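Undergrad: test case, fold it:
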Amino acid sequence: MEDYILRASAGDSQVRAFAATTRELVEYARAAHNTSPVATAALGRLLTAGAMMGMMMKGEKDLLTLRIEGDGPIGGITVTADSKARVKGYVREPEVLLHANAKGKLDVAGAVGKGELVVIRDTGLKEPYVGRTNLVSGEIAEDLTYYFASSEQVPSAVALGVLMNRENTVRQAGGFIIQLLPGADEEIVAGLERKLAGISSVTSMLDQGMKPEDILSDVLGVFGVEILERIPACFSCDCTRQRVEKALISIGENELTEMIREGKPVEVKCHFCNHGFWFKPEELENLLERAR
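TA: As a prediction, the model looks like this:
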């Protein structure tokens, strides 16, 4: 199944919803960063959330950044997305290994630890919007649910999941975000709460062959679901050699001089996609001249 995201409405436009299947992009991230199972799960959840939240923005050049800054062994996660569900991201310590949690599942909360969720929306204004909330569980979906309620005052239900194969490839990945809009009827609020309390995990739904359409129908069908938009989702990094050159120039003359003194080619890797760019000593010398 190709990766895609649905934007939908329900309950006479009193509910807005997003549902995604993201196995391919999460598997791409796993292979690019060689992440452990728990790191794949953590990164995959935030990538999925970022892709859906990116769709909430309207401008072609709008950019969303999600950062989880925890004290757990994973060290932090960063994801960026645009309004077309093109997303990229990385974990600081991709090789973290942890035992399963008490429920026998990947211990994402243990990998993340305690800390802060940071949401940055850059819509081209002088200053980007920055929202910060404490992590309530480290499970990511619960942390985003709390963020929406406390920072944006939007009651939301967020479900995210990554299911791994035994050989450490991604079997399923996806999620949904369901939000109550201002003035939603109490009947809709109560009915949605009852429905959400009884559903299985989003990855089990996907593994049963359900598509995002089916998930939205299952959760919101009684309220009347209208699919408004379907767009492909993908892992997409815009790193270029030119950008890496600018980054090297920015590190300063002393470090560039030290690299040149070693007399060996230097590889610089992109944090987001792990693609490497090689620079020969003479190329570094040209960059040093530009840095002066």
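Undergrad: got a list of contacts for the strand or helix carrying residue 65?
TA: Using DSSP states H and E, residue 65 falls within strand 63-70. Contact with strand 63-70 is made by 42, 46, 49-50, 53-54, 57, 76-82, 89, 112-122, 135, 138, 140, 143, as judged by CB atoms under 8 Å, 6 or more residues apart in numbering. Yep, even glycine has a C-beta here, placed from its N, CA and C like the rest.
Undergrad: quick one, strands of this protein?
TA: Using DSSP state E, the strands of the chain run over 4-10, 15-21, 63-70, 77-82, 86-91, 115-122, 129-134, 156-164, 170-180, 225-232, 234-235, 266-269, 276-279.
Undergrad: give me the angle between the longest one and strand 156-164.
TA: Spelled out, it's strand 170-180. In terms of direction (axes from the mean of the first three to the mean of the last three CA atoms, to 10 degrees), strand 170-180 departs from strand 156-164 by 180 degrees.
Undergrad: what is the neighbour count of the nearest residue to residue 147 once chain neighbours are set aside?
TA: Spatial nearest neighbour of residue 147, excluding adjacent residues (CB to CB, 6 or more residues apart in numbering): residue 133 at 4.6 Å. The number of residues packed near residue 133 is 18, by other CB atoms under 10 Å.
Undergrad: from what I see, residue 133 and residue 149 are in contact.
TA: No. Using CB atoms under 8 Å, residue 133 is not in contact with residue 149; the gap is 9.1 Å.
Undergrad: and the gap between residue 13 and residue 70?
TA: Residue 13 sits at a distance of 37 Å from residue 70 (criterion: CB to CB, to the nearest Å).
Undergrad: out of those two, which sits in the busier spot?
TA: Neighbour totals were compared for residue 13 and residue 70, and residue 70 leads with 22 against 10 (other CB under 10 Å).
Undergrad: neighbours of the closest residue to residue 33 other than its chain neighbours, how many?
TA: Spatial nearest neighbour of residue 33, chain neighbours left out: residue 94 (4.7 Å); criterion: CB to CB, 6+ apart. Counted with other CB under 10 Å, the neighbours of residue 94 add up to 20.
Undergrad: kindly report the same for residue 260.
TA: Using other CB under 10 Å, the number of residues around residue 260 comes to 18.
Undergrad: that one contacts residue 284, correct?
TA: Yes. Using CB under 8 Å, residue 260 is in contact with residue 284, at 5.0 Å.
Undergrad: so for stretch 265-278, mean pLDDT?
TA: Stretch 265-278 shows a mean pLDDT of 91 in the predicted model.
Undergrad: low-confidence ranges in this structure?
TA: 292 (pLDDT under 70).
Undergrad: hmm, residue 269 and residue 247 touching each other?
TA: No. At 11.0 Å, residue 247 does not count as touching residue 269 under the criterion of CB under 8 Å.
Undergrad: sorry, back to before: can you list the strands that the strand holding residue 65 pairs with?
TA: Paired with strand 63-70 in the same sheet, following DSSP bridges, are strand 77-82 (antiparallel), strand 115-122 (antiparallel).
Undergrad: how about those in CSV, adding distance to residue 129?
TA: Shown next, in CSV, are the strands paired with strand 63-70 (distance: least, CB to CB, whole Å):
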stretch, distance to residue 129
strand 77-82, 14
strand 115-122, 4
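Undergrad: which among those is found nearest to residue 280?
TA: Nearest of the strands paired with strand 63-70 to residue 280, taken as CB to CB: strand 77-82 at 30.0 Å.
Undergrad: got the contact list for that closest one?
TA: Here strand 77-82 has contacts from 42-43, 46-47, 49-51, 53-54, 57, 61-68, 87-92, 112, 271-272, using CB under 8 Å, 6+ apart.
Undergrad: buried only: go through those residues for me.
TA: Buried by 16 or more other CB atoms under 10 Å: 42-43, 46-47, 49-51, 53-54, 57, 62-68, 87-92, 112, 272, out of the contacts of strand 77-82.
Undergrad: just checking, the residue nearest to residue 33 touches residue 36?
TA: Yes. Contact criterion CB under 8 Å: residue 94 and residue 36 qualify, at 6.8 Å.
Undergrad: can you give me the distance of the residue nearest to residue 75 when sequence neighbours are not counted to residue 71?
TA: Excluding the flanking residues, the one nearest residue 75 by CB to CB, 6+ apart is residue 92, at 3.3 Å. For residue 92, the distance to residue 71 (CB to CB) stands at 12 Å.
Undergrad: same check on residue 254?
TA: From residue 254 to residue 71 the distance is 32 Å (CB to CB).
Undergrad: which one's more surrounded, those two?
TA: When neighbours are counted by other CB under 10 Å, residue 71 comes out ahead of the other of residue 254 and residue 71, with 14 against 9.
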